[in-house]
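Novice: need a structure here:
(chains A and B)
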Number of protein chains: 2
Amino acid sequence: MSRNLLLISTSTTHGTGYLEHAEEEIKSLLEGKKSILFIPYARPGGISHSDYTAKAREAFERWGISVSGVHEYDDPVKAVNEAEAVFIGGGNTFVLLRNLYANKLVEPLRHRVLKGMPYMGTSAGTNVAGRTIGTTNDMPIVHVKTFDALQLVPFNINPHFQDPDPNSTHMGETRDTRIAEFHHHNRQPVIGLREGSMLRVKGDGVKLLGPHTARVFLQGQKPMEFKTTEEIHFLMDAY
Amino acid sequence: MSRNLLLISTSTTHGTGYLEHAEEEIKSLLEGKKSILFIPYARPGGISHSDYTAKAREAFERWGISVSGVHEYDDPVKAVNEAEAVFIGGGNTFVLLRNLYANKLVEPLRHRVLKGMPYMGTSAGTNVAGRTIGTTNDMPIVHVKTFDALQLVPFNINPHFQDPDPNSTHMGETRDTRIAEFHHHNRQPVIGLREGSMLRVKGDGVKLLGPHTARVFLQGQKPMEFKTTEEIHFLMDAY
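Specialist: Numbers count the residues shown, from 1 in each chain, chains lettered A, B, ... in the order given. Presented below is the predicted three-dimensional model:
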């Protein structure tokens, strides 16, 4: 597979502007490209498709890359088939995946990306790149007929990964507990990406980028931490 | 409807034992009953049905109430039909609802509870008492064919409700943002129950109990806070 992906935990880290912390990696992903197709379906805070696309456009135009929103096309499948690159932004993962299915974009996206079209995602857009959306943090505000996602990689991702707060008196589950529960019912690996972390996927290789370590969960095993710039290729062998 | 419900945000508050903070209200709900049917399907942390039932049994036996687990019966529908009262414990809301449907318990539970059988829930067990599970905080670790829940009340509940932490640098959505997103797609009211809070539902009346205020979200309106012991009857008029 000639994958060329950038899977970003969050669009905005504390104290930096939209996509700013990932600028260098985004430029590297999109080298030689003049345009990107933006998929605004996840609608963070319920923002409209147009307003969300305007936000993405502002960021990419600074880097000399033009942005079109998939909702601007009469035929979204054709838009995907003719795109130079695709970016799926964050928001609500259930709303996003439901709209990808409703617009029949799951197969076309998968087909193009596995043949080498650059793909970037942030948050929900990173979640849907995985095997299923079963490790999203989002509220299930709409129903979706299946949790199977784009499956650009064979593992699951948990963006905005948080370590337990030792001072918290809150009794809700920690992220580790939630992912352990996931592994009672599912066997694919899960990688928890802290805010600021990214995965760079090229072909069958996966490298961790950003300032933090990342936490990998395998069914029935103790979680493992991987260092930044480390290759975690075995994630691609999941079946 | 002759409802008689106790909907508890969390089974265990910081510094108290299992169900301890709700002891007085549980005793009042179950007055005159000698037994309760426990539904352990939500399996917190992946605990077995037997171990989870043993935990509930230990709490209730101190109060002179015997506990049976629904998984101990060959015919779970018959178990519901013959129960004096039902308790659904917390854990994962998706796993819980999937198992309620798989065992064909949704209709029998709804039928008995709306005719007056006492019902108590904690966390996921409180979530499924609402209209849908669309306001759970849990990870969608298994798929469920519909998010429609037991609909013992016509509104949605968000247990373990948390206020934004003013010191947090985390960029994930606040609970208010998530519920506002919910209301872009759904119109039923949502009540956020902080840990330690409970709703006591009798007939068509709803009273807030516990040490905290609770936050009510109506579609397109600013959230409202209600005081403890306050009646919030209008929630029952939702349609």
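
Novice: show me what the mean pLDDT comes to for the longest helix along chain A.
Specialist: For chain A, the longest helix by residue count, based on DSSP state H, is helix A:49-61. Confidence for helix A:49-61, expressed as mean pLDDT, is 98.

Novice: please apply the same query to stretch A:139-148.
Specialist: Rounded mean pLDDT across stretch A:139-148 is 98.

Novice: next, count neighbours for residue A:104.
Specialist: Counted with other Cβ atoms under 10 Å in any protein chain shown, residues neighbouring residue A:104 total 11. In short, each C-beta sits where N, CA and C put it, glycine included.

Novice: residues contacting it?
Specialist: A:76-77 (Cβ atoms under 8 Å, 6 or more residues apart in numbering or on different chains).

Novice: can you list contacts of the helix or strand immediately after the longest helix of chain A in the chain?
Specialist: Following helix A:49-61 in sequence order, the next helix or strand is strand A:66-69 (DSSP states H and E). Applying Cβ under 8 Å, 6+ apart, the contact partners of strand A:66-69 are A:34-40, A:49-50, A:52-53, A:56-57, A:60-61, A:79, A:87.

Novice: would it be right to say that residue A:81 lies in a helix?
Specialist: Yes - assessed by DSSP: H, G, I helix; E, B strand; the rest coil, residue A:81 belongs to a helix.

Novice: how close does it get to residue A:108?
Specialist: 6 Å (Cβ to Cβ, to the nearest Å).

Novice: which of the two has more neighbours?
Specialist: When neighbours are counted by other Cβ under 10 Å, residue A:81 and residue A:108 differ, and residue A:108 comes out ahead with 18 against 13.

Novice: chain A: helices as residue ranges?
Specialist: Ranges of helices within chain A are A:23-29, A:49-61, A:76-82, A:93-102, A:106-114, A:124-127, A:175-185, based on DSSP H.

Novice: the third one: how far from the chain's middle?
Specialist: Using Cα atoms, centre = their mean, to the nearest Å, we find the averaged C-alpha position of helix A:76-82 to lie 20 Å away from the chain's own average C-alpha position.

Novice: so what does that helix touch, helix or strand wise?
Specialist: Secondary-structure packing of helix A:76-82 (3 or more Cβ pairs under 8 Å, 6 or more residues apart in numbering or on different chains; DSSP states H and E): helix A:106-114.

Novice: against the centre of chain A, work out the most remote residue.
Specialist: What lies farthest from the middle of chain A is residue A:169; by Cα atoms, centre = their mean that is 30.7 Å.

Novice: and for the residue nearest to that residue when sequence neighbours are not counted, the neighbour number?
Specialist: Nearest residue to residue A:169, sequence neighbours excluded (Cβ to Cβ, 6 or more residues apart in numbering or on different chains): residue B:14, at 3.8 Å. Around residue B:14 there are 12 other residues, counting by other Cβ under 10 Å.

Novice: try the one 4 residues further on
Specialist: The burial metric for residue B:18, expressed as a neighbour count using other Cβ under 10 Å, is 14.

Novice: who's in contact with the spatially most central residue of chain A?
Specialist: With distances taken as Cα atoms, centre = their mean, residue A:126 lies nearest the centre of chain A, 0.6 Å away. The contact partners of residue A:126, by Cβ under 8 Å, 6+ apart, come to A:7-9, A:90, A:157, A:159, A:193, A:199.

Novice: TSV for these, including pLDDT?
Specialist: Putting these into TSV (pLDDT from 0 to 100) gives the following:
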residue	pLDDT
A:7	98
A:8	98
A:9	97
A:90	97
A:157	98
A:159	97
A:193	98
A:199	98
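
Novice: quick check: of those residues, which lies closest to residue A:218?
Specialist: Nearest to residue A:218 among the contacts of residue A:126: residue A:157, at 14.3 Å, using Cβ to Cβ.

Novice: wait, that closest one touches residue A:128, no?
Specialist: No - the criterion here is Cβ atoms under 8 Å, and residue A:157 misses it with residue A:128 at 9.2 Å.

Novice: just to revisit the earlier point, how about a markdown table for the contacts of residue A:126, with distance to chain B added?
Specialist: Shown next, in a markdown table, are the contacts of residue A:126 (distance: Cβ to the nearest Cβ, whole Å):
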| residue | distance to chain B |
| --- | --- |
| A:7 | 16 |
| A:8 | 12 |
| A:9 | 9 |
| A:90 | 10 |
| A:157 | 13 |
| A:159 | 9 |
| A:193 | 12 |
| A:199 | 18 |
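
Novice: pick out the most distant pair among those residues.
Specialist: Longest span within the contacts of residue A:126, Cβ to Cβ: A:90 and A:199, 15.1 Å.

Novice: which one's more surrounded, the two?
Specialist: Legend: neighbour count by other Cβ under 10 Å for residue A:90 and residue A:199, higher for residue A:90 (28 against 25).
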